[in-house]
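Asks: fold the following.
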Amino acid sequence: MSMPAGPSSTGHVDLAIGGMTCSSCAARIEKKLNRIEGVTATVNFATETAAVDFDPATMDAEGLVATVEGAGYAAHLPAPVVSPESHGDGEPTGISSLHDHDETETETLRVRLVISAVLAVPVVALSMIPPIQFRFWQWLSLTLAAPVVAWGAWPFHRAAWLNARHRAATMDTLISVGVLAAFGWSVWALFLGGAGNSGMTMSFRLVAGSAHNADIYLEVASGVTVLILLGRYLEARAKRRSGAALRALLEMGAKDVAVLRAGTELRVPIEQLAVGDLFVVRPGEKIATDGVIFEGASAVDESMLTGESVPVEVSPGDTVTGATVNAGGRLVVRATRVGADTALAQIAALVTTAQSGKAPVQRLADRVAGIFVPAVIAISLVTLVGWLLTGHGAAQAFTAAVAVLIIACPCALGLATPTALLVGTGRGAQLGILIKGPQILESTRRVDTVILDKTGTVTTGRMGLVEVCPAAGYGRDQVLRLIGALEHASEHPIAQAIAQAAADETQELLAVEEFASSAGLGVTGTVDGHQVLAGRPGFLTERGFQIPTDIDDVRRSEEEAGRTVVLAGWDGQVTAALVVADQVKPTSTEAIAALRELGLTPVLLTGDNRATATAVAASVGIDQVEAEVLPADKVAAVIKLQNQGRVVAMVGDGVNDAAALAQADLGLAMGTGADVAIEASDITLVRGDLRTAADAIRLSRRTLATIKGNLFWAFAYNAAAIPLAALGYLNPLISGAAMAFSSVFVVTNSLRLRQFRSSYAEPR
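Replies: Down below sits the predicted model:
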């Protein structure tokens with residue numbers, strides 16, 4: 001498949017955007033694009049893309065690129081996600097290039113962070129520990145701090161300048177102004193204010209005085225830079241995974257295929273397969289592409305695409321889907337769709353669309369900074385002018401103005417989100433909960449509906465023998481001994497479920513002779529001297545077996561409940577009905593109750609038949625059921641609820657859930673499921689226990705509350721001291737102390753998340 005790389009007939013284009021540093025950048029670009037007549041745009045900061053619908057009569061793709069570039073950001077039409085050629089390892093070229101770009105960006109940030117930290121640590125130590133302040137220590141500090149301020153903080157300075165050109169202010173503005181003010185004052189003090197003298201030491205004074213011209217704040221300039229770089233690095237590392245879901249999807253397909261050419265079987269790369277080709281699929285192999293059975297019969301496991309737990313019996317003329325698994329005999333398939341037209345490619349397209357269309361979460365710090373930053377700058381300027389107009393000297397006026405900027409410098413803001421996130425996610429990992437980033441947390445607070453996939457989420461996802469119903473005169477042990485031995489010789493998943501249960505109960509399986517299988521119908525064989533049969537009702541009646549009324553009643557009632565029934569017998573008599581089904585997890589009922597306690601409405605969404613889905617839902621306490629839905633229908637179901645004003649969480653585990661997980665406001669994937677579902681989700685439940693979904697939401701909400709508290713106090717400590725700084729009652733050194741205290745508070749508050757406890761007994 002390929003992502004849209006240019007305008008289509010419907011006037012749609014996906015732009016790749018560079019240069020965004022925060023979600024306010026995305027909002028600014030989105031606003032700029034939406035001002036154009038006939039244009040509707042959604043900009044996603046997390047994926048650095050813009051999905052744009054436009055009127056080709058009034059605008060083209062190049063014009064959209066020019067509009068974004070005119071706003072000060074880079075934009076281009078992305079290369080196709082999949083190209084006809086692949087790398088030697090089979091990874092599509094487009095995906096590789098995008099992945100390499102993310103890797104490069106993260107590595108650049110890491111290098112910038114490490115070098116800045118190495119230079120900043122001695123500056124902070126020299127400034128804060130008077131006994132180690134040797135002669136001319138301040139000049140060494142200047143030498144070490146200068147590269148941090150100029151090179152380490154360059155991304156912030158560049159973003160601040162870009163924002164200033166468009167008359168806007170964000171966190172980058174505050175960081176840049178604070179860092180440059182601290183550094184600028186220090187340079188002035190060193191060269192003109194007496195701070196450069198031999199033997200100079202830092203002194204602590206509560207009220208500004210004449211000697212304060214000798215104070216320098218290089219530790220503030222370098223320390224803030226390192227802290228903010230740390231936050232940006234953690235964010236970039238999370239964003240690097242944004243393309244992993246798509247890579248995981250495409251890697252699920254077969255890499256090569258056995259094609260029949262002129263009667264000869266030839267194995268070729270999957271890219272060389274064409275519509276109309278015949279190809280061979282052996283037992284256990286993936287079907288290379290969508291097609292129609294030309295020869296052979298088998299059972300095909302389609303659970304990865306449909307969610308249906310029972311393998312589908314196929315024979316000549318039946319359609320099959322690429323990337324599903326042949327669980328039975330040899331098949332010859334005629335290819336009907338290849339490349340971007342296959343079902344797997346369409347699911348990948350759904351995941352891409354859902355990810356790029358998800359509205360970005362506005363960062364809390366940026367929201368406040370939008371008001372706080374210009375206010376602080378204005379107060380600083382008013383302070384400078386006020387002191388000058390009241391007859392005070394320029395040094396005192398500048399000192400008071402700088403004190404205002406220093407006290408507002410966001411040192412604690414650099415810790416507010418990362419520390420709470422690291423402690424919260426660390427505790428989550430101990431409980432089997434992986435939260436992928438801070439942008440996810442806000443969704444958990446607002447979620448009111450939770451959609452649950454059935455197979456592998458509410459149920460085990462594995463077929464099991466749930467009931468044995470012997471006919472009159474026959475015992476359970478006798479049935480399992482003979483039928484279990486017969487089914488053990490079959491490769492069919494239903495047969496294996498019966499055989500496994502028989503082996504567990506009888507401790508041994510008898511030998512089978514003259515075994516024969518009729519694909520999709522049943523099996524026969526000789527066990528312990530008895531001619532034994534097992535399979536569909538017609539398979540037995542065609543061989544002269546009469547089905548007792550009580551056994552037939554059991555079959556009908558169980559099939560109405562959505563379960564699979566195998567009839568079995570020997571020596572001309574039907575002796576039992578064996579009921580096989582996907583079993584509900586023992587903890588699912590408790591999990592549903594816990595989700596309801598959080599104020600969430602559960603909805604069961606599955607590709608299984610309605611009878612099975614309704615029975616499972618009733619057994620665990622779910623009232624609302626959506627059954628027999630395809631992957632695209634799952635996405636539509638999520639969108640339908642969202643359009644009703646619901647904030648939707650989705651819990652799933654399969655490939656068929658990936659697009660819905662990406663579309664939902666909050667996606668939770670079972671860690672025992674498919675990699676693509678895990679990558680498309682926001683939260684991963686490592687142990688596959690549905691009860692951890694409730695814990696995940698509780699922990700996320702607690703972490704979000706902690707971040708909010710951190711952000712409030714990070715601003716409050718500093719903001720409360722701004723009036724004192726403006727009136728000249730605070731030495732700028734006090735500003736650094738206030739920032740240090742607020743940082744300690746932020747860290748301590750975050751550490752309280754370590755006390756979070758699961759709602760049920762934790763594993764040892």
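Asks: any chance you could map the helices in the stretch 451-600 of the chain?
Replies: 476-488, 493-506, 537-541, 549-560, 588-597 (DSSP state H, counting those that start in this stretch).
Asks: flag the shaky bits of the stretch 101-250 of the chain, pLDDT-wise.
Replies: Applying pLDDT under 70 to the stretch 101-250 of the chain picks out residues 101-103, 170-171, 203-214, 231, 234-250.
Asks: got any ranges where the stretch 551-700 of the chain has weak pLDDT?
Replies: 631, 672-680.
Asks: residue ranges for the strands of it, please.
Replies: Taking DSSP state E, counting those that start in this stretch, the strands of the stretch 551-700 of the chain run over residues 564-570, 573-584, 601-605, 624-626, 648-652, 666-670, 683-685.
Asks: hey, which of the ones you listed is tucked in deepest?
Replies: Greatest average neighbour count among those goes to strand 648-652 (a mean of 30), per mean count of other Cβ atoms under 10 Å. Glycine gets a C-beta too; all of them are placed from N, C-alpha and C.
Asks: and that one, what other elements does it pack with?
Replies: strand 449-453, helix 631-643, helix 658-663, strand 666-670 (3 or more Cβ pairs under 8 Å, 6 or more residues apart in numbering; DSSP states H and E).
Asks: returning to that earlier point: okay, the strands of the stretch 551-700 of the chain in CSV with distance to Thr703 next?
Replies: Listed next are the strands of the stretch 551-700 of the chain as CSV, based on distance: least, Cβ to Cβ, whole Å:
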stretch, distance to Thr703
strand 564-570, 43
strand 573-584, 31
strand 601-605, 23
strand 624-626, 29
strand 648-652, 16
strand 666-670, 13
strand 683-685, 11
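Asks: closest one to Ala397 among those strands?
Replies: strand 666-670 (51.3 Å; Cβ to Cβ).
Asks: now do the closest one: which elements does it pack against?
Replies: So strand 666-670, by 3+ Cβ pairs under 8 Å, 6+ apart, packs with strand 648-652, helix 658-663, helix 675-680, strand 683-685, helix 691-726.
Asks: partners of that strand, with directions?
Replies: Strand pairing for strand 666-670, using DSSP bridges, gives strand 648-652 (parallel), strand 683-685 (parallel).
Asks: still on that earlier bit, for Val111, which of the helices of the stretch 451-600 of the chain is the nearest?
Replies: The nearest among these, by Cβ to Cβ, is helix 588-597 at 43.9 Å.
Asks: now do the closest one against strand 648-652, angle only.
Replies: 170 degrees (axes from the mean of the first three to the mean of the last three Cα atoms, to 10 degrees).
Asks: which other helices and strands does helix 588-597 contact?
Replies: Helix 588-597 packs on strand 601-605, helix 610-620, helix 691-726, going by 3+ Cβ pairs under 8 Å, 6+ apart.
Asks: can you list contacts of the first one?
Replies: Spelled out, it's strand 601-605. 448-454, 458, 592, 595-596, 613, 616-617, 621-627, 629, 634, 637, 641, 660 (Cβ atoms under 8 Å, 6 or more residues apart in numbering).
Asks: can you turn the buried part of those residues into a ChimeraX selection?
Replies: In ChimeraX, this line selects whichever of those come out buried by 16 or more other Cβ atoms under 10 Å:
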select :449,450,451,452,453,454,458,592,595,613,616,617,622,625,626,627,629,634,637,641,660
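Asks: for Gly38, which of the strands paired with strand 666-670 is the nearest?
Replies: When the strands paired with strand 666-670 are compared (using Cβ to Cβ), the closest one is strand 648-652, at 30.5 Å.
Asks: so what touches that closest one?
Replies: With Cβ under 8 Å, 6+ apart as the criterion, strand 648-652 contacts 443-444, 447, 449-453, 456-457, 600, 638, 641-642, 657-658, 660-661, 663-670, 673, 677, 681, 685, 690, 693, 697.
Asks: just how off-centre is it within its chain?
Replies: 12 Å (Cα atoms, centre = their mean, to the nearest Å).
Asks: between it and strand 601-605, how big is the angle?
Replies: Going by the same axes, to 10 degrees, strand 648-652 makes 50 degrees with strand 601-605.
Asks: dump strand 648-652 to CSV, keeping only the CA atoms.
Replies: C-alpha atoms of strand 648-652 as CSV (Å, rounded to 0.1, in the frame of the first residue of the first chain):
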residue,chain,number,x,y,z
VAL,A,648,-14.1,6.4,23.9
ALA,A,649,-11.5,4.0,25.2
MET,A,650,-10.9,0.8,23.1
VAL,A,651,-9.4,-2.4,24.6
GLY,A,652,-8.2,-5.0,22.0
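Asks: ok, Ala401 touching Leu381?
Replies: Yes: Ala401 is within contact range of Leu381, at 7.2 Å (criterion: Cβ atoms under 8 Å).
Asks: looking at these two, which one has more neighbours?
Replies: Ala401 (24 against 12; other Cβ atoms under 10 Å).
Asks: distance check, the nearest residue to that one once chain neighbours are set aside against His392.
Replies: Leaving aside its sequence neighbours, Ala401 sits nearest to Leu384 (Cβ to Cβ, 6 or more residues apart in numbering; 3.9 Å). Using Cβ to Cβ, to the nearest Å, Leu384 is found at 10 Å from His392.
Asks: of the two, who's got more company?
Replies: Leu384 (19 against 14).
Asks: so who does that one touch?
Replies: 397-398, 400-401.
Asks: over to Ile216?
Replies: 127, 138, 141-142, 185-186, 189-190, 195, 202.
Asks: what do you get for Ala50?
Replies: Per Cβ under 8 Å, 6+ apart, neighbours of Ala50: 14-15, 17, 29-30, 33, 41-44, 68, 75.
Asks: pLDDT check: weakest of those residues?
Replies: Lowest pLDDT within those is found at Asn44 (68).
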